[in-house]
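> using only what follows, build the 3D model:
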Amino acid sequence: MRTRWLKPDPARIAAALLCAAGSMLGVGARAQDAAPLPDAEPFLADVRANLQLDTDVPDGYTFLERRVEADISFFGGVKEEGPKLYRVYRSAELGIAYRRLLEEEGEPLSDEELTEQDRRHRAERLKAARDRARESERDREKRQREDAEDAEEEREMMEEVLGLFEYRLEGRDRIDGRSTIVVSFVPRAEVDPKTRPGKILAKSIGRAWVSEDDRQVIRIEAEAMSDITIGWGLVARLHKGSRIDVRRTRVSDRWLPARFDFTGSGRTLLFRTFAVELTTEIADYEPLTADLLPYEPIKLSDAGTGPR
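Residues are numbered from 1 along each chain as shown. From the prediction side, this is the model:
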């Protein structure tokens, strides 16, 4: 089983939009700003350098994740799924994360349900450990080659995204007491993206808020300005006006995801229509230590080698 922690997600892709070279920037300031805005090129160069360090929730953390999803019918009915509350454990060991469901519809799971979850997850981790222990040199080289290809594919995608937009420093705003620089972005004329994320983002406009003191992305809003098709519309179509709103929070010396909101409608597989409102909140980050795990950690001796 291949698990990719760093598969591009909307927050990371949207944050990368701010990192284009200075030659692509149109810079302006609002008249009401008392102090001049920073120079665009060094400002966004700092943002780009910071994003290389703070791209995703890193391994070695545990946190709470609350998720609510509402499916809205075209007759106005609402089918709400959730809220669901998870305790998430992120570990570098074998690239596995554990999303432990704690509550559903406001009701805590029973001790028996929690124990059964832990048993299934530990069995999954033990199987992965055994598979890795029995891995041949040829299989290991193949896995490492695929990991390198994944990293290169993501790098190429990010480089493409950087060239999709024109950016403008619009002014200042305050978020949670922090002074931020507001940056707007719109698609450049005559862009021809090749990757799927590029094709989606090339039809989006939005704004980002960057903390002025440490050049970190705090919030991003983006909206589809026209219908977005995936697979020539055969796989999916996302309708104009669909929106995302991504927020980050400071945890110790890192900026990590805090909230993700999506509101949109569209169609999948030609016929199935959808309209959805999705909210994910992340909080209570803690460094992950063995004593915080809800099960007995797997030792290398547990995996063994055994027959292939």
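> distance between stretch 213-227 and the chain's centre?
13 Å (CA atoms, centre = their mean, to the nearest Å).
> mind listing what's buried along it?
Residues 215-224 are the ones in stretch 213-227 that count as buried (16 or more other CB atoms under 10 Å). Placement of C-beta: from N, CA and C, glycine included.
> and of those residues, the nearest to residue 238?
residue 224 (6.0 Å; CB to CB).
> surely the closest one and residue 202 touch.
No: using CB atoms under 8 Å, residue 224 is not in contact with residue 202; the gap is 10.5 Å.
> how about the buried residues of stretch 213-227 in TSV, adding secondary structure and pLDDT?
As requested, the buried residues of stretch 213-227 are exported to TSV (DSSP: H, G, I helix; E, B strand; the rest coil; pLDDT from 0 to 100):
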residue	secondary structure	pLDDT
215	coil	90
216	coil	90
217	strand	89
218	strand	91
219	strand	93
220	strand	90
221	strand	92
222	strand	89
223	strand	90
224	strand	86
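> hey, where'd the strands end up in the chain?
61-72, 78-90, 97-104, 107-108, 165-175, 178-187, 204-211, 217-224, 228-230, 236-238, 243-251, 254-268, 272-287 (DSSP state E).
> and those as TSV, adding distance to residue 40?
Listed next are those as TSV, based on distance: least, CB to CB, whole Å:
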stretch	distance to residue 40
strand 61-72	33
strand 78-90	35
strand 97-104	37
strand 107-108	50
strand 165-175	6
strand 178-187	9
strand 204-211	11
strand 217-224	15
strand 228-230	28
strand 236-238	31
strand 243-251	22
strand 254-268	21
strand 272-287	31
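> closest to residue 158 out of those strands?
strand 165-175 (12.9 Å).
> please identify the buried residues of that closest one?
For strand 165-175, a neighbour-count test (16+ other CB under 10 Å) marks 165, 167-172 as buried.
> mind putting those residues in CSV, distance to residue 185 and pLDDT included?
Listed next are those as CSV, based on distance: CB to CB, whole Å; pLDDT from 0 to 100:
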residue, distance to residue 185, pLDDT
165, 4, 84
167, 5, 83
168, 8, 86
169, 11, 91
170, 10, 92
171, 15, 93
172, 17, 94
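> for burial, what's the neighbour tally of the spatially closest residue to residue 106 that is not a sequence neighbour?
Excluding its sequence neighbours, the residue lying closest to residue 106 (CB to CB, 6 or more residues apart in numbering) is residue 83, at 6.8 Å. Neighbourhood size, residue 83 [other CB atoms under 10 Å]: 15.
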